[in-house]
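*Asks:* next one to model:
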Amino acid sequence: MTLTTGSAVPVSTHGSSSPDLLLPLAQACAVHQPNLLPRLSTLAKLFAADVWVVLDDVQFARRDFQHRTRLAALGDAEHWRWLSLPTHLPGGRSTIVKDARLADPEPSSRRMEGMIHHAYRRSPPWPAIEAVLAPVLATLRETDRTAVVAEISTRALLAALDWQGQIRHSWELTARRGRSERLADLAVASGSTSYLCGTGGMRYLDHTPFRAQGIAVIPFSTPPDDVWEQGSRVTALWALAVLGPASLASMLRSAARLNRQGRR
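*Replies:* Okay, the predicted model is just below:
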């Protein structure tokens, strides 16, 4: 699967093999910072979108998931370890995401490979996990940009699940400075007609700039079952290891359909 960054935004083909899962013509976007091997809840929102706008021109947050993830044990997601990429901020606390730099790319690559191998090598879908890991390790050998590595890790997970959307970057799109105004403008600039908003974002989002531009705000949440609950705290690699790519993709398609029914 090839992910593009062009301005044309085709209709998504999520679940094209199942007619009842086909999504409507309206374009939905998700705006999210690049996360390292993102949590299942984050991946689910991106999977449900036709366009992922990578929010990489905002301030880097050390306590967020831009350079780290929780690597859960295969048999028990309650037991996890941090997998982190030590990151240097050239501009101090005001450094934006795309300007953050890896402090030790080579040791970070070895540590990531070792930790993931130790955690998931015994899972039946290990080849799928290796396929996700390979481009991330290759990127760590080619660049010291933390955001690029994080984005590639998310792209690799989406590719493993046959996501057919597009990727744009916030720095290439024109948007105002206000938090909600910026999100609404990014939705418009990405060619979208609706915006998928997570439960956290719904607490602060001002709907006014979205209404002014005809953008529908769609609340996004995941079902209240054990896999989703545990997966919301740890990397989606855990869910891939437990379920395998086909079952995980089916679960994500179902979540996408439920969240986007409001547009039918």
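
*Asks:* give me the phi and psi angles of the residue lying farthest from the centre of the chain.
*Replies:* Here the chain reaches farthest from its C-alpha mean at Ala212, the gap being 27.3 Å by Cα atoms, centre = their mean. The main-chain torsion angles of Ala212 are listed as degrees, to the nearest 10 and equal phi -60, psi -30.

*Asks:* name all residues that make contact with the residue nearest to it when sequence neighbours are not counted.
*Replies:* Using Cβ to Cβ, 6 or more residues apart in numbering and skipping the chain neighbours, the partner closest in space to Ala212 is Ala184 (7.5 Å). (C-beta placed from N, C-alpha, C; glycine too.) Under the criterion of Cβ atoms under 8 Å, 6 or more residues apart in numbering, the contact list for Ala184 reads Tyr195, Pro209, Phe210, Ala212, Gln213, Ile215.

*Asks:* swap in Val242?
*Replies:* The contact partners of Val242, by Cβ under 8 Å, 6+ apart, come to Leu74, Ser123, Val227.

*Asks:* okay, the residues you listed in JSON lines with pLDDT and secondary structure next?
*Replies:* Shown next, in JSON lines, are the contacts of Val242 (pLDDT from 0 to 100; DSSP: H, G, I helix; E, B strand; the rest coil):
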{"residue": "Leu74", "pLDDT": "92", "secondary structure": "coil"}
{"residue": "Ser123", "pLDDT": "96", "secondary structure": "coil"}
{"residue": "Val227", "pLDDT": "86", "secondary structure": "helix"}
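
*Asks:* which one among these gets closest to Arg257?
*Replies:* Closest approach to Arg257 among those (Cβ to Cβ): Val227, at 17.0 Å.

*Asks:* so Phe220 touches Lys45, yeah?
*Replies:* Yes: with the criterion set as Cβ atoms under 8 Å, Phe220 and Lys45 qualify as a contacting pair; they are 5.0 Å apart.

*Asks:* shared neighbours, those two?
*Replies:* Taking Cβ under 8 Å, 6+ apart as the contact rule, the neighbours common to Phe220 and Lys45 are Ala30, Leu196, Gly198.

*Asks:* returning to that earlier point: now the residue nearest to Ala212: which helix or strand?
*Replies:* With elements taken from DSSP states H and E, the one containing Ala184 is helix 179-189.

*Asks:* and that helix, what's buried?
*Replies:* In terms of neighbour count (16 or more other Cβ atoms under 10 Å), helix 179-189 has its buried residues at Ser180, Glu181, Arg182, Leu183, Ala184, Asp185, Leu186, Ala187, Val188, Ala189.

*Asks:* out of those residues, the closest to Arg260 would be?
*Replies:* Using Cβ to Cβ, Ala187 is the member of the buried residues of helix 179-189 that sits closest to Arg260, with 14.6 Å.

*Asks:* against which helices or strands is the helix or strand Arg70 falls within packed?
*Replies:* Assignment of secondary structure by DSSP H and E places Arg70 within strand 68-72. Strand 68-72 makes packing contacts with strand 80-84, helix 105-120, helix 236-243 when contacts are defined by 3 or more Cβ pairs under 8 Å, 6 or more residues apart in numbering; DSSP states H and E.

*Asks:* what lies in contact with that strand?
*Replies:* Outside of strand 68-72, the residues within contact range by Cβ under 8 Å, 6+ apart are 35-39, 78-85, 115-116, 119, 230, 233-235, 237-238.

*Asks:* now the buried members of the residues you listed.
*Replies:* Members of those that pass the buried threshold by neighbour count (16+ other Cβ under 10 Å) are listed as 35-39, 80, 83, 85, 116, 119, 230, 234-235, 237-238.

*Asks:* pLDDT-wise, what's the bottom of those?
*Replies:* The pLDDT minimum for those sits at Gln230, where the score is 86.

*Asks:* how many neighbours does Thr174 have?
*Replies:* 9 (other Cβ atoms under 10 Å).
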